[in-house]
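> please work out how this folds:
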Amino acid sequence: MLIAGFLFNATGLIGLGIIFFSVAVAFQLITLPVEFNASSRARDLMIAEGFITNDEERGVAKVLNAAALTYVAAALISLLELIKYIMIFTSSREE
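Residues are numbered from 1 along each chain as shown. Here you go, the predicted model:
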């Protein structure tokens, strides 16, 4: 919708696209704690079930933390894109 709104200069479509994209960004931000909790639980489960040894625990924790941080990066990029679209929308309305 955002692309169609920009192509056809339809501010209504741009606004609607921003609203829908805002919902997606909010969902990403809300699920961030869930991702970190899942990484922590996965590490605990791997230790409890004997999949990893105590020596491997630190490396596993780093890998699972890095995996969770990819969600942080994706949410940050989405948030910055949303800000960009809002700025474009507001500047196009001023013209």
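> mind listing what's buried in stretch 17-35?
For stretch 17-35, burial by neighbour count (16 or more other CB atoms under 10 Å) applies to G17, I18, F21, V25, Q28, E35. Just so you know, the C-beta spots here come from the backbone N, C-alpha and C atoms, and that holds for glycine as well.
> just give me the closest of these to E49.
E35 (21.1 Å; CB to CB).
> rebuild the buried residues of stretch 17-35 as TSV, extending it with pLDDT, secondary structure and distance to I52.
Shown next, in TSV, are the buried residues of stretch 17-35 (pLDDT from 0 to 100; DSSP: H, G, I helix; E, B strand; the rest coil; distance: CB to CB, whole Å):
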residue	pLDDT	secondary structure	distance to I52
G17	83	helix	45
I18	88	helix	45
F21	92	helix	40
V25	95	helix	35
Q28	93	helix	30
E35	88	helix	20
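> now do the helices in the chain.
2-8, 11-48, 57-94 (DSSP state H).
> and the angle from the second one to helix 57-94?
An angle of 170 degrees separates the directions of helix 11-48 and helix 57-94 when computed by axes from the mean of the first three to the mean of the last three CA atoms, to 10 degrees.
> surely F89 touches L16?
No - assessed by CB atoms under 8 Å, F89 is found out of contact with L16, at 10.8 Å.
> quick check, central residue of the chain?
A75 (2.4 Å; CA atoms, centre = their mean).
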